[in-house]
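K.L.:
Predicted model and sequence follow; I will ask about them next.
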Protein chains: 2
Amino acid sequence: MDGKPEFLKGTLDLVILKIVALGPCHGYAIAQRLRQISKDYFQVHQGSLYPALHRLEDRGLLQADWRDTDTGREAKFYALTKKGQKHLETERFEWERLTEAVALILRAVE
Amino acid sequence: MDGKPEFLKGTLDLVILKIVALGPCHGYAIAQRLRQISKDYFQVHQGSLYPALHRLEDRGLLQADWRDTDTGREAKFYALTKKGQKHLETERFEWERLTEAVALILRAVE
DNA sequence: GCTCTATATGTCGGCAGGCTAGGTATCACC
DNA sequence: GGTGATACCTAGCCTGCCGACATATAGAGC
């Protein structure tokens, strides 16, 4: 239980939305980019990734359509909706508030 | 579902350990200090606080004993164990790693 | 004496989210 | 023919936070 589980700490939606905001992208590539950009920190498992994408689509934050990838294969490309754009902004803001609050606690002295 | 739930994002253990590290403290006071230091961000509910304290005690990170408070009432004071001290350091380190990774993602450009 | 608020601890059921572990299929390469 | 990378998906579990509730005492005000 002291392994790595739950290292995402609820940031998955935020980082997915941000990646998709850079341009329409399919699930597998989202995971790759997350890993690359974060220098191997985010190694999102498929069992976390796909359910998250479906949730975001159900909530109307992402919109999906099937296209061909560079490698000539079919994949489900996700794009940010207007609602998703807005949600990204608020999640980003909330994340900043959280990190600031935690920083206040961690800097506290006797 | 777009309210405030889940705003802690798994940081509860970290901030509790940090507060207790400042000096032995009972549950109710921990919640108060968290709120004060974080400028009202952390308003930890009792249904979150006490189970968390029990978990931390079960894991040997905190040690509890009953004492009297300033107000002359009995309360369960928690103190950091050596194991808890160590765990605080690693959790703190992990938190920094997470925030840095998220920052990398959020700063990413096309 | 009574009530109300703040202090102080606790439990219970529910729900969401991430993880493990499985499954399918195609394509390139050796 | 086998292996690895690409690409999608689901089921079930476990943890952690939440809301709601229950309990008890001290002190202030009437």
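P.N.:
Happy to help now that I have it. Numbering: from 1, shown residues only, chains lettered A, B, ... in the order given.

K.L.:
The residue nearest the centre of chain A and DNA strand C: what is the separation?
P.N.:
The centre of chain A sits closest to residue A:16, judged by C-alpha atoms, centre = their mean, with a distance of 2.0 Å. From residue A:16 over to DNA strand C the distance is 9 Å, taken as C-beta to the nearest atom of the strand, to the nearest Å. (Glycine included, C-beta is placed from N, CA and C.)

K.L.:
Identify the residues contacting that residue.
P.N.:
Under the criterion of C-beta atoms under 8 Å, 6 or more residues apart in numbering or on different chains, the neighbours of residue A:16 are A:30, A:34, A:49, A:52-53, A:56.

K.L.:
Work out for me the element it sits within.
P.N.:
Using DSSP states H and E, residue A:16 sits in helix A:12-21.

K.L.:
quick one: buried residues of that helix?
P.N.:
Residues of helix A:12-21 classed as buried: A:12-21 (neighbour count, 16 or more other C-beta atoms under 10 Å in any protein chain shown).

K.L.:
What strand or helix carries the residue of chain A found nearest DNA strand C?
P.N.:
The minimum distance from chain A to DNA strand C, using C-beta to the nearest atom of the strand, falls at residue A:47 (2.1 Å). Here residue A:47, judged by DSSP H and E, is contained in helix A:46-58.

K.L.:
How much space separates the residue lying closest to residue A:85 once chain neighbours are set aside from DNA strand D?
P.N.:
Of all residues not flanking residue A:85 in the chain, residue A:21 sits nearest, at 7.1 Å (C-beta to C-beta, 6 or more residues apart in numbering or on different chains). According to C-beta to the nearest atom of the strand, residue A:21 stands 17 Å off from DNA strand D.

K.L.:
so what pLDDT did residue A:21 get?
P.N.:
The per-residue pLDDT reported for residue A:21 equals 98.

K.L.:
before we move on, back to that, what's around the residue of chain A closest to DNA strand C, how many residues?
P.N.:
Other residues within reach of residue A:47, judged by other C-beta atoms under 10 Å in any protein chain shown, total 8.

K.L.:
those strands in chain A, which residues are they?
P.N.:
Using DSSP state E, the strands of chain A run over A:25-26, A:62-68, A:74-80.

K.L.:
The first one near DNA strand C anywhere?
P.N.:
No - for strand A:25-26 and DNA strand C, the contact criterion (C-beta under 7 Å from any atom of the strand) is not met; the two come no nearer than 13.2 Å.

K.L.:
Please enumerate residues in contact with that strand?
P.N.:
Residues from elsewhere that reach strand A:25-26 (C-beta under 8 Å, 6+ apart): A:19, A:33, A:67, A:69, A:75-78.

K.L.:
Could you rerun that using 7 Å?
P.N.:
Residues outside strand A:25-26 that contact it (C-beta atoms under 7 Å, 6 or more residues apart in numbering or on different chains): A:19, A:69, A:75-78.

K.L.:
mean confidence for it?
P.N.:
For strand A:25-26, mean pLDDT rounds to 96.

K.L.:
All set, thanks.
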